[in-house]
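> no FASTA, just this:
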């Protein structure tokens with residue numbers, strides 16, 4: 001039974017001092033695949049958008065495709081809030097198994113949808129599982145990865161979204177060309193279910209977060225898990241360095257919604273403003289392009305539906321390489337500087353490229369290359385938003401904090417985006433679409449200013465130093481930095 005009393009533990013320090021090892025790779029692959037699945041789902045729908053407008057498939061309009069995308073986002077918002085609360089109270093591992101199972105079932109059901117209504121419902125349920133994944137996965141990864149590598153690893157994991165995007169584009173090209181749109185779009189969704197099932201088998205072997213166990217008074221269980229992790233790491237890297245860092249804390253139950261709201265509005269209000277600004281601006285920024293990418297190519301450049309997937313590849317490549325190349329800078333140069341710089345460059349780049357698009361200065365290939373260059377930087381910026389909200393709040397409310405800011409940011413920046421942009425594309429007005437691009441770019445620049453002002457210098461610091469647990473006992477000289485601003 002959990003014992004809710006004051007205890008001294010060295011478990012966070014023992015986890016942070018571990019050298020990188022094959023064990024860490026297994027955790028990253030098993031958990032980080034949630035981003036790949038999200039990329040697969042979003043890109044499959046985007047690449048198949050023109051095919052789904054055919055009367056011999058679902059016969060959807062561009063606006064209906066936009067609403068289906070909004071259903072996916074709405075599901076993700078609600079799923080994040082629902083499962084995020086459970087991840088803080090019932091455990092990271094239980095939730096990252098359940099949420100993957102929900103995704104698996106829903107994406108398979110999508111393959112059997114037969115009209116707009118059933119397609120939208122299945123997209124909602126798929127998003128419900130993926131939204132829950134974000135909360136459970138990001139909190140678990142941050143609590144298992146050494147502090148000195150947390151930024152690099154987090155951004156690299158987020159970049160796997162674009163491996164999923166490339167797979168989705170490849171599936172759409174292959175299936176539409178070899179099988180045809182009538183059956184090909186259904187098989188594309190079934191393949192997502194197959195991948196989800198394979199990952200479910202691997203994920204069973206990832207342990208519960210020892211940091212979560214400590215917070216629930218299960219120190220003995222946490223210690224045993226850490227011993228097993230240390231033994232596996234030592235077998236591949238040799239003797240481990242000694243650990244002298246300890247933390248005194250009281251194990252506390254998960255705070256209720258009222259207490260979470262009070263903390264967000266008082267102790268952590270500056271961090272709350274930072275998280276909301278970063279999450280909302282990047283959500284609108286991405287939805288300005290990604291959910292309607294195929295429709296822009298088809299409507300303004302007459303790109304055939306079976307060739308849309310080819311244009312996704314360079315876009316996905318830029319998004320994949322950005323966090324991989326720039327990620328280490330978030331741990332060396334620092335969070336505040338890199339977040340502000342990447343957000344500002346992304347916003348200005350979108351405005352400039354949107355202007356060239358509105359003037360008709362870019363063909364389909366030129367537009368795709370410009371998007372690829374911009375999103376090389378924007379992908380790192382967006383990934384840093386998830387990194388920020390997962391490390392600047394205490395362990396007792398880490399998963400629900402991720403959920404809240406993911407939900408608020410997505411609702412504000414992403415829920416209305418797809419149908420609005422879909423309607424603009426249907427109108428055929430380049431100037432109207434450019435105005436929407438300017439709005440998204442300006443919001444990114446505003447978020448850059450917020451990051452420069454309120455950013456948290458979390459690079460290479462243990463999570464407990466970035467933000468102390470609610471039950472931690474801190475010395476006076478460390479309390480102000482760890483308890484938030």
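That came through fine. For clarity, every value in this text was computed on a predicted model and none was experimentally measured.

> And the lowest mean pLDDT element among the helices and strands of the protein?
helix 476-482 (a mean of 40; mean pLDDT, DSSP states H and E).

> mind listing the strands for the chain?
Along the chain, the stretches classed as strands by DSSP state E are 6-9, 247-250, 472-473.

> Nearest to residue 66, out of those?
strand 472-473 (45.9 Å; CB to CB). (Glycine included, C-beta is placed from N, CA and C.)

> and that closest one, average pLDDT?
Averaging pLDDT along strand 472-473 yields 60.

> Now do residue 152: how many residues are near it, please.
Counted with other CB atoms under 10 Å, residues neighbouring residue 152 total 21.

> ditto for residue 407
Residues lying near residue 407 (other CB under 10 Å) number 26.

> Kindly report the same for residue 299.
Residue 299: 17 neighbours (other CB under 10 Å).

> wait, isn't it in contact with residue 428?
Yes: applying CB atoms under 8 Å, one finds residue 299 in contact with residue 428, separated by 6.7 Å.

> returning to that earlier point: out of the strands of the chain, flag the one nearest residue 207.
Nearest of the strands of the chain to residue 207, taken as CB to CB: strand 6-9 at 16.5 Å.

> Can you check what pLDDT the model gives the closest residue to residue 273 other than its chain neighbours?
Of all residues not flanking residue 273 in the chain, residue 454 sits nearest, at 6.2 Å (CB to CB, 6 or more residues apart in numbering). pLDDT recorded at residue 454 is 95.

> and if you look at the one 5 residues further on?
Model confidence at residue 459, expressed as pLDDT, equals 94.

> Enumerate every residue touching it.
151, 330, 331, 332, 334, 335 (CB atoms under 8 Å, 6 or more residues apart in numbering).

> Now for the fourth one: which residues touch it?
Applying CB under 8 Å, 6+ apart, one finds that residue 332 lies in contact with residue 459.

> quick one: it and residue 449, what's the gap?
Residue 332 is 23 Å from residue 449, where distance means CB to CB, to the nearest Å.

> Check the burial of the closest residue to residue 272 other than its chain neighbours by counting its neighbours.
Distances taken as CB to CB, 6+ apart place residue 264 nearest to residue 272, at 4.7 Å, with adjacent residues excluded. Using other CB under 10 Å, residue 264 has 20 neighbouring residues.

> What's the separation between residue 264 and residue 404?
Note on residue 264: its distance to residue 404, by CB to CB, is 8 Å.

> go on, residue 73?
Using CB to CB, residue 73 is found at 16 Å from residue 404.

> that older thread, looking at the strands of the chain, which is buried most?
strand 247-250 (a mean of 18; mean count of other CB atoms under 10 Å).

> and that one, how far out from the chain's middle?
30 Å (CA atoms, centre = their mean, to the nearest Å).

> List the pairing partners of that strand within its sheet, with orientation.
Partners of strand 247-250 in the sheet, by DSSP bridges, are strand 6-9 (antiparallel), strand 472-473 (antiparallel).

> The first one - what's its average pLDDT?
Taken as a whole, strand 6-9 has an average pLDDT of 76.

> Could you check how far it is from the centre of its chain?
Distance, centroid of strand 6-9 to centroid of chain: 33 Å (CA atoms, centre = their mean).

> List the neighbours of it that are in contact with it.
Strand 6-9 has contacts (CB under 8 Å, 6+ apart) with 214, 217, 219, 222, 246, 247, 248, 249, 250, 251, 473.

> The strands of the chain: which one's closest to residue 240?
strand 6-9 (17.2 Å).

> Can you pull the phi/psi pair for residue 334?
phi 120, psi 160 (degrees, to the nearest 10).

> Once you drop chain neighbours, what's closest to it?
residue 459 (5.0 Å).

> Next one: residue 315 from residue 298, what distance?
In terms of CB to CB, residue 315 sits 15 Å off from residue 298.

> where along the stretch 1-150 of the chain do the helices fall?
Taking DSSP state H, counting those that start in this stretch as the criterion, the stretch 1-150 of the chain carries its helices at 11-16, 22-52, 62-90, 92-110, 116-144, 150-159.

> weakest of those helices by average pLDDT?
Lowest mean pLDDT within the helices of the stretch 1-150 of the chain: helix 22-52, a mean of 81.

> And the helices in the stretch 251-400 of the chain, which stretches?
257-265, 269-289, 293-301, 308-332, 335-358, 364-391, 398-410.

> Dump these to JSON lines, plus distance to residue 66 and mean pLDDT.
Output for these, formatted as JSON lines (distance: least, CB to CB, whole Å; pLDDT from 0 to 100):
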{"stretch": "helix 257-265", "distance to residue 66": "32", "mean pLDDT": "93"}
{"stretch": "helix 269-289", "distance to residue 66": "10", "mean pLDDT": "90"}
{"stretch": "helix 293-301", "distance to residue 66": "8", "mean pLDDT": "80"}
{"stretch": "helix 308-332", "distance to residue 66": "16", "mean pLDDT": "87"}
{"stretch": "helix 335-358", "distance to residue 66": "19", "mean pLDDT": "95"}
{"stretch": "helix 364-391", "distance to residue 66": "19", "mean pLDDT": "92"}
{"stretch": "helix 398-410", "distance to residue 66": "15", "mean pLDDT": "88"}
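
> Turn these into TSV, including distance to residue 84.
Shown next, in TSV, are the helices of the stretch 251-400 of the chain (distance: least, CB to CB, whole Å):
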stretch	distance to residue 84
helix 257-265	10
helix 269-289	14
helix 293-301	29
helix 308-332	23
helix 335-358	22
helix 364-391	11
helix 398-410	3
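
> so of the ones you listed, which one's packed in deepest?
Note that of these, helix 398-410 is the most buried (mean count of other CB under 10 Å), with a mean of 27.

> For that helix, name the packing helices and strands.
Contacts defined by 3 or more CB pairs under 8 Å, 6 or more residues apart in numbering; DSSP states H and E place helix 398-410 against helix 62-90, helix 116-144, helix 257-265, helix 269-289, helix 364-391.

> what is the orientation angle of that helix with helix 92-110?
For helix 398-410 against helix 92-110, the angle by axes from the mean of the first three to the mean of the last three CA atoms, to 10 degrees is 40 degrees.

> Can I get the contacts of residue 459 in JSON lines including distance to residue 92?
Putting the contacts of residue 459 into JSON lines (distance: CB to CB, whole Å) gives the following:
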{"residue": "151", "distance to residue 92": "20"}
{"residue": "330", "distance to residue 92": "23"}
{"residue": "331", "distance to residue 92": "23"}
{"residue": "332", "distance to residue 92": "28"}
{"residue": "334", "distance to residue 92": "28"}
{"residue": "335", "distance to residue 92": "23"}
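
> What is the most widely separated pair among those?
Farthest apart among the contacts of residue 459 - using CB to CB - are 332 and 335, which lie 10.7 Å from each other.

> who's in contact with stretch 439-454?
In contact with stretch 439-454 (CB under 8 Å, 6+ apart) are residues 270-271, 273-274, 277-278, 280-282, 284-285, 288, 336, 339-341, 343-344, 346-351, 354, 378, 381, 413, 485.
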